[in-house]
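**Q** Below are the sequence and a predicted model; questions follow.
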Amino acid sequence: MFPWCSPQDDSRFADVDDLRVHYKRAGSGPTVVLLHGSGSSLHGFEAVADLLVPSFDVIRPDLPGFGLTGPHPHRDYHISTFSTIVARFLSTVGVTGAAVAGNSLGGNIAWNLALDQPRLVTALVLINATG
């Protein structure tokens with residue numbers, strides 16, 4: 001099996017609705033959430049996470065349908081569904097406010113999260129966001 005397709009020692013999982021969300025979390029300080037694009041996984045932000053970890057609490061989830069999180073049980077891949085799942089995921093892991101950065105699909109989810117949950121998103125970084 002490819003190393004990016006199997007859990008590593010620092011893998012974590014959080015139960016959110018009917019999903020088991022795979023994520024990695026490292027560092028301490030203000031929280032930064034990194035949302036990957038389509039056709040990717042949390043590993044797409046590995047180099048960025050390595051730079052941020054000395055100063056920040058960095059959280060990288062595998063979005064539903066990607067990585068070890070696996071498919072959404074109802075095959076619901078609407079942006080509003082992703083945004084709701086990310087908000088519930090952050091609540092589950094104890095985050096009440098975070099800077100959110102998203103690439104491509106992750107950027108679209110990030111900005112919708114900011115619109116839907118303005119108290120949760122303290123800063124927003126969009127990288128080639130779709131939509």
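**A** Cool, the structure landed.

**Q** hey, where'd the strands end up in the chain?
**A** Under the criterion DSSP state E, the chain carries strands at the ranges 11-16, 19-26, 31-35, 57-61, 98-103, 121-127.

**Q** shaky segments in the protein?
**A** Low-confidence segments of the chain (pLDDT under 70): 1-8.

**Q** all helices for the chain, in order.
**A** 46-52, 79-92, 105-116 (DSSP state H).

**Q** could you dump the first one to CSV, C-alpha only?
**A** Translated: helix 46-52. C-alpha atoms of helix 46-52 as CSV (Å, rounded to 0.1, in the frame of the first residue of the first chain):
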residue,chain,number,x,y,z
GLU,A,46,2.5,18.9,4.4
ALA,A,47,5.3,21.4,3.5
VAL,A,48,3.2,24.3,4.6
ALA,A,49,2.2,22.6,7.8
ASP,A,50,5.9,21.9,8.6
LEU,A,51,6.6,25.7,8.3
LEU,A,52,3.6,26.6,10.5
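
**Q** list the helices and strands it packs on?
**A** On a contact count with 3 or more C-beta pairs under 8 Å, 6 or more residues apart in numbering; DSSP states H and E, helix 46-52 meets strand 31-35, strand 57-61. In short, each C-beta sits where N, CA and C put it, glycine included.
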